[in-house]
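Novice: No sequence on hand, only this structure:
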C-alpha cells in the first residue's frame, strides 16, 4: 500500500466522525501518509504501531509474505469494486464481531469455525490474561465469555473512527464449504452439541421432516446434512432471524467491502499468517496455539466432499449462490466435488 492508499484510508475513516450511522463506502481505509506519520514522531523513538510496521514491510521488496498480503488486499478491493452494489449504511451493531485491542492497536473480526477461539485466546494473552503469556492456558469458555474482549460496537462514532483510522485490522477466512461442513459436524452432529441441537436441530426437524419421531422433534439430535442445507436455503430462515454466526457468510459478519482490512489471513495458511500478524503486533515470540496439521486439513476437505456427494446438483448450485460472495471476495475456487453445470 503506497502513500496514496494510506491517505485514502484516513479520508474514508474520517467520514465516521460526521455521522451517527457508519458509512465507509468502497474506498480503501488508510492511515496518514509517510510524511504526516514522520511529522507525528514515527521515528522519534516511540513504539511503532502495527500499521507502521506493515507500512515498512510494504516498502521492502524482500518481504515475500508482505507481498502475499498486499496481493490479497488488492484482490479483495478489486472483487468488491466489481461485485458489490449500493449497500445499506453500517450501524455500530454491525461491528460487534470486530474485537478491539487498544494496547496493541489491533482490530480483529472473528469468523466462527476459522480458529476464532484461539485468536481470542491470543488477544487475551496479549493483554496479559494468561500465565506466562501462553494462550493455551486460557479455557475456551473464558475466551468466549461476553465482555472479556471489547467490540468495536461498544464505542461511539468518534472512537470507532479513531480506531479504524489508526489500528491494524485483520480477519481470517476459510474455504466456505469446508467451514460449513465443520459447523454442521460440530454444532449439529456431535453428541456434546445438545444446546445447538435443541435450539436449531428441533427447528429443522419440525419444519423439514413431516413424519419425524417424537424424540427427534424434541431433541433435534439427528439432523441430516441435507436437512441442514434445506434449512439454510429456506427463505423463512433468514426472514425469521439472521443466520447463526457459525454458518453466516464471512462477508456478512465482517463487511470487508465497507471496512478496510490490512491483513486477510486464511485458515489454509494459518501458521504463517498468524505469525505475520503477531510480528506486526510486536509479539513475535507469542506462539499461536496448534494450527491445523496437513492431515487435519486433508480430513476437513474429505469431510466436505463426503457430505456434499449426496446433495443434488440443483441444491449444490443454490447453496453455492448463497455463499458465492465469500468464494469471490476471498479468492476461493468452487470445490472440485461440486456438480454445478
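Specialist: Ah, there it is. Note that the structure is a prediction, hence the values are computed from the model and not measured. Numbers count the residues shown, from 1 in each chain.
Novice: quick one: the helices in the stretch 101-250 of the chain?
Specialist: For the stretch 101-250 of the chain, applying DSSP state H, counting those that start in this stretch gives helices covering 116-126, 140-143, 157-166, 176-184, 194-196, 202-208, 214-219, 225-233, 235-240, 250-254.
Novice: Tell me which of those helices lies nearest to residue 265.
Specialist: helix 116-126 (9.1 Å; Cβ to Cβ). Placement of C-beta: from N, CA and C, glycine included.
Novice: Which positions in the closest one come out as buried?
Specialist: Residues 116-126 are the ones in helix 116-126 that count as buried (16 or more other Cβ atoms under 10 Å).
Novice: Likewise for stretch 73-85?
Specialist: Buried-residue list, stretch 73-85, by 16+ other Cβ under 10 Å: 73, 76-77, 79-80, 84.
Novice: for the top helix by length along the chain, packing partners?
Specialist: Secondary structure of the chain per DSSP state H: the longest helix is helix 64-83. For helix 64-83, the packing partners by 3 or more Cβ pairs under 8 Å, 6 or more residues apart in numbering; DSSP states H and E come out as helix 50-58, strand 263-266, helix 270-280, helix 324-329.
Novice: Let's see that with 10 Å instead.
Specialist: helix 3-14, helix 50-58, strand 168-173, helix 250-254, strand 263-266, helix 270-280, helix 324-329 (3 or more Cβ pairs under 10 Å, 6 or more residues apart in numbering; DSSP states H and E).
Novice: Just the angle for it relative to strand 168-173, thanks.
Specialist: 80 degrees (axes from the mean of the first three to the mean of the last three Cα atoms, to 10 degrees).
Novice: Return the distance of helix 64-83 from the chain's centre.
Specialist: 16 Å (Cα atoms, centre = their mean, to the nearest Å).
Novice: same question for that helix, mean pLDDT?
Specialist: In this model, helix 64-83 has a mean pLDDT of 95.
Novice: Can you give the domain ranges for the chain?
Specialist: Structurally, the chain divides into domains by automatic domain parsing as follows: 3-175+255-290, 177-246+296-329.
Novice: and residue 339, which of these is closest to it?
Specialist: domain 177-246+296-329 (4.2 Å).
Novice: Straight-line length of the closest one, end to end?
Specialist: End-to-end distance for domain 177-246+296-329: 15 Å, by Cα to Cα, to the nearest Å.
Novice: again with stretch 137-148
Specialist: 15 Å.
Novice: Ok, stretch 86-105 next?
Specialist: 30 Å.
Novice: can you give me how far stretch 95-103 is from the chain middle?
Specialist: That offset, for stretch 95-103, works out to 12 Å (Cα atoms, centre = their mean).
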